[in-house]
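1. Below: sequence and its predicted model.
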Amino acid sequence: MVVREDRKEQIIDKAVGIFAEQGYYKATTALVAKAAGVTQPYVFHFFASKEELFKAVVDRATQRVRETFEGIEAPADQLGVTMGKAFSSIMNVHRDEILLLMQSYTIAEPVIREHVSNNFQLIHKAITTKFNEAHIPNPEAAASKFIGTGMLITLSEVLNLPQLKYYK
């Protein structure tokens with residue numbers, strides 16, 4: 001159903017804002033429901049728990065990042081820079097969502113931590129594949145370095161320290 005899926009996406013949209021503002025531990029499904037203009041039981045109709053809702057936020061952000069990177073076309077010597085600029089662009093448009101993703105590994109809940117780990121593996125694999133297709137030497141290490149640079153960019157955004165940003 002289109003209406004049902006739209007409502008589910010609306011709940012996820014509002015959850016991004018609530019998680020960004022309150023943090024995982026202080027955010028509640030009641031706050032998300034209020035922000036989305038629905039009842040808390042309606043949130044539970046789509047998501048069995050706050051964990052499941054947070055995982056949906058992480059999944060959407062992961063998909064957005066992966067699809068962005070997979071869609072990049074650039075010469076090998078410009079691929080990393082082009083992907084870095086694309087990352088900055090999606091972070092500007094979907095700031096809270098991307099910052100949540102890039103900081104989600106800090107949540108200590110084992111189920112969340114495992115889910116986030118799996119999502120970061122998907123991102124790493126997508127970047128590695130892109131670098132491998134471009135014949136970049138040691139694509140796995142290059143992908144790890146690229147993700148590390150993304151984490152530094154995220155840190156610079158969160159702490160408002162633009163001097164930490166690094167572009168080749």
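-> Now that the structure is in, tell me what you want to look at.

2. pLDDT below threshold where in the chain?
-> Along the chain, segments meeting pLDDT under 70 span 1-4, 165-168.

3. What ranges does it have for its helices?
-> For the chain, the helices defined by DSSP state H occupy 2-26, 29-36, 40-46, 50-70, 76-93, 95-103, 110-133, 139-158.

4. quick one: the fifth one to helix 95-103, angle?
-> Same thing as helix 76-93. Per axes from the mean of the first three to the mean of the last three CA atoms, to 10 degrees, the angle that helix 76-93 makes with helix 95-103 is 120 degrees.

5. And helix 76-93, what does it pack against?
-> In terms of contacts (3 or more CB pairs under 8 Å, 6 or more residues apart in numbering; DSSP states H and E), helix 76-93 is packed against helix 50-70, helix 95-103, helix 110-133, helix 139-158. Where you see a C-beta, it was placed from the backbone N, CA and C, and this is true even at glycine.

6. Grab the CA positions of the third one and hand them over as PDB.
-> Taking C-alpha atoms only, helix 110-133 is exported to PDB below (Å, rounded to 0.1, in the frame of the first residue of the first chain):
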ATOM      1  CA  PRO A 110      24.500  -5.400  21.400                       C
ATOM      2  CA  VAL A 111      21.700  -5.800  18.900                       C
ATOM      3  CA  ILE A 112      22.200  -2.200  17.600                       C
ATOM      4  CA  ARG A 113      26.000  -2.600  17.600                       C
ATOM      5  CA  GLU A 114      25.800  -5.800  15.500                       C
ATOM      6  CA  HIS A 115      23.300  -4.200  13.100                       C
ATOM      7  CA  VAL A 116      25.500  -1.100  12.700                       C
ATOM      8  CA  SER A 117      28.600  -3.300  12.200                       C
ATOM      9  CA  ASN A 118      26.800  -5.200   9.400                       C
ATOM     10  CA  ASN A 119      25.800  -1.900   7.800                       C
ATOM     11  CA  PHE A 120      29.300  -0.600   7.900                       C
ATOM     12  CA  GLN A 121      30.500  -3.800   6.300                       C
ATOM     13  CA  LEU A 122      28.000  -3.200   3.500                       C
ATOM     14  CA  ILE A 123      29.300   0.300   3.000                       C
ATOM     15  CA  HIS A 124      32.900  -0.900   3.100                       C
ATOM     16  CA  LYS A 125      32.100  -3.600   0.500                       C
ATOM     17  CA  ALA A 126      30.500  -1.100  -1.800                       C
ATOM     18  CA  ILE A 127      33.500   1.200  -1.600                       C
ATOM     19  CA  THR A 128      35.900  -1.700  -2.000                       C
ATOM     20  CA  THR A 129      34.000  -2.900  -5.100                       C
ATOM     21  CA  LYS A 130      34.100   0.600  -6.600                       C
ATOM     22  CA  PHE A 131      37.800   1.000  -6.000                       C
ATOM     23  CA  ASN A 132      38.500  -2.500  -7.300                       C
ATOM     24  CA  GLU A 133      36.600  -1.800 -10.500                       C
END
